[in-house]
Structures are given as C-alpha cells and as structure tokens.
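K.L.:
coordinates for the following, if possible.
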Amino acid sequence: MSKKSIFGLLIALVIPVACYLWLKSASDTAVIMPRHYLLDTVIEQVVNGKQKTDSIWHKTKNIELVNQLGDTVHLYDQQGKIIILDLFFTSCGSICPKLTNNMSKLQQSFTRGGDIRKKVDTSIVQFMSISVDPNRDSVPVLRAYANKTGVIADNWWLLTGNRDSIYKFAFEELKVDQFSQEPISPDFVHTSRFILIDKKMQIRGYYNGLDSASLLKLAKDVGYLMLEKDNTKKNKIFQDIIDLSWLWLVIALLVSSFVYYFNTKFNKKQSINKK
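P.N.:
Sure thing, here's the model as predicted:
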C-alpha cells in the first residue's frame, strides 16, 4: 500500500472517531437543567409513524394578592420572569427572620454589579414572600417589616390577601406539604422551602432556605432557566447529533474498510501488471 493510501485511510478513520469522542465528551459534561416537579398528565400520540410521549407539566394558577406598597398584584403579572417564592409571617420568631435574610442575599446577588446600592435588575427575577398569617399581616404591618429588614420593593413583594386563597394556593398549586422537610399542618403553613417557578409558571425546584449550599444551587438554577428558552431548540438538535454519533462511527469504519479493500486490490493488480 502506498504512503498516500495509508495517510488517506488514517484520515478517513481518525476524523470521524475524533468527532465521536468530542461529541460524547460534550454530552457527558452538558448542563443538567432544573427538572419539572408537578406532572399533570402524559399524552401519547403517533407522529410520522412513531409513538411519541409528551409530559404536560402543571402550570401554577394565578392568584390575586396585595403587596407591601398597597398595590393589588397577580402572580401572572410576572410573565416572562423567573419567580423565587417563600411563605412567612412577620411575627415569626423561629425560621422566618433567617429566611428573609437569605432572600435578601439572593436579591442582592441579582443586583447590577452585586451592589445593593445600585438599581436592582428587575428584568430577571421576581421575589415573593407570601404571609401565611394574612389576618394580622396587613399592608402597614408588611411595610413596616420590609423597612426593618431592608426589603427592596423593586422586585420583592411581601404579600397578603384572603387566607383561604393563600392556603389553597400553597397546598394545591405549590404542593408545599409534599416537598417540605418539616411536617406541615393544614391549619398553618410553616416551611423553610424556597420555591422556584419558571417563565411558564411551572415549578422547577424546592430548596432549603436555611442552607447555604441549597441557596447556591438555587442561584445557579436561576441562571440555567434564564438560558432555557433560547437554547431549547439548539440543545435538541445537539442531542439528536449525539444520539446518532454511534452511526457515524459505524459508517466511518465501513468506509475505511472499503477504502482499504479496494486499495489492496488495486495494488495487487498493479504488482501483477509489473510482472
């Protein structure tokens, strides 16, 4: 076999194998997006002759509340934003002060340049703290609490409203009783969970609001969700390529085998003609 033939054979073999290994490595190190939590139903249908299964994830229903400024607001006012939400009450002497302090740190991490004295970036995340003692947590009480704890109202609402609506929202929409480490009484919702809601109003995570490692993961997951909408289609195409990369390797080996076979046959024929 000539040197050129050997070189061509190596190129035909090495490049596809290298591409396969690169794609496999990229797949192994790909970012894992925050998972969905609440599944409504699964739809099975036939598309182009293939069975396809789609998961329909629960969309958190709207709720009307009043914030510390006295404004009537709705959950759906924040369409297009990522929401970090917790449940608290102003007279709490146990976990609530620390939850508020940690929420404040999260808010600060999303200010421009990380400086709380600078304008808060309200385009990314909306923070919500819903009172589970709304009969006592009136608007003036929430406003005083916000002033005392340094809550920046630009993108952080302390919320009160109808008690029955709040408890129905907590149990039926947020499912806090299912994902809380603490036992929760149906008569009083008290949990350390921070809840992450994406731009589609679907729950993407429950985090321990008292644990620094859990809060760090929450901040990272917010970053991942910020990229999710623009990268969904690209990631699907990339994953499709990865899924077929084994076929590339098989094709490369077949091509290399054919090249080797015909090249060997040609060289033998050349040797016979020379004789």
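
K.L.:
what about the helices in the chain?
P.N.:
In the chain, the segments counted as helices under DSSP state H are 3-28, 96-109, 139-149, 163-168, 212-243, 245-274.

K.L.:
so where is the stretch 151-275 of the chain shaky, pLDDT-wise?
P.N.:
Along the stretch 151-275 of the chain, segments meeting pLDDT under 70 span 229-275.

K.L.:
measure the residue nearest to Glu173 when sequence neighbours are not counted to Tyr224 for me?
P.N.:
Once flanking residues are discounted, Glu173 sits nearest to Thr60: 4.9 Å by Cβ to Cβ, 6 or more residues apart in numbering. Yep, even glycine has a C-beta here, placed from its N, CA and C like the rest. Thr60 sits 19 Å away from Tyr224, going by Cβ to Cβ, to the nearest Å.

K.L.:
which of those two has more residues huddled nearby?
P.N.:
Ranked by neighbour count (other Cβ atoms under 10 Å), Thr60 and Tyr224 place Thr60 first, with 22 against 15.

K.L.:
who does Val73 bridge with?
P.N.:
Applying DSSP bridges to Val73 gives these bridge partners: Leu65.

K.L.:
any idea of the mean pLDDT for stretch 45-56?
P.N.:
Summarised as a single mean, pLDDT over stretch 45-56 is 76.

K.L.:
kindly export that stretch (C-alpha atoms) in CSV.
P.N.:
Extracted in CSV, the C-alpha atoms of stretch 45-56 (Å, rounded to 0.1, in the frame of the first residue of the first chain):
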residue,chain,number,x,y,z
GLN,A,45,-49.6,10.1,20.2
VAL,A,46,-48.3,8.8,16.9
VAL,A,47,-46.1,11.3,14.9
ASN,A,48,-44.7,10.3,11.5
GLY,A,49,-45.4,6.7,12.3
LYS,A,50,-43.5,6.8,15.6
GLN,A,51,-45.0,6.6,19.1
LYS,A,52,-44.3,9.9,20.9
THR,A,53,-44.9,10.6,24.6
ASP,A,54,-45.3,14.2,25.9
SER,A,55,-45.4,15.2,29.5
ILE,A,56,-47.8,18.0,30.4
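
K.L.:
residues of that stretch that come out buried?
P.N.:
Within stretch 45-56, no residue counts as buried by 16 or more other Cβ atoms under 10 Å.

K.L.:
distance check, the residue nearest to Leu174 when sequence neighbours are not counted against Val73.
P.N.:
Distances taken as Cβ to Cβ, 6+ apart place Ile195 nearest to Leu174, at 5.8 Å, with adjacent residues excluded. Distance from Ile195 to Val73, counting by Cβ to Cβ: 17 Å.

K.L.:
who has more neighbours out of those two?
P.N.:
Ile195 (26 against 18).

K.L.:
so that one makes contact with Val176?
P.N.:
Yes. Ile195 lies in contact with Val176 (Cβ atoms under 8 Å); the separation is 7.4 Å.

K.L.:
thought Ser129 was touching Thr160?
P.N.:
No. Taking Cβ under 8 Å as the definition, Ser129 is not a contact partner of Thr160, at 10.2 Å.

K.L.:
dump the residue contacts of the nearest residue to Gly80 once chain neighbours are set aside.
P.N.:
Nearest residue to Gly80 in three dimensions, chain neighbours excluded: Lys199, at 5.6 Å (Cβ to Cβ, 6+ apart). Neighbour list for Lys199: Gln79, Gly80, Lys81, Ile82, Leu225, Lys229 [criterion: Cβ atoms under 8 Å, 6 or more residues apart in numbering].

K.L.:
try it again with 10 Å
P.N.:
Neighbouring residues of Lys199 by Cβ atoms under 10 Å, 6 or more residues apart in numbering: Gln78, Gln79, Gly80, Lys81, Ile82, Ile83, Leu225, Met226, Glu228, Lys229.
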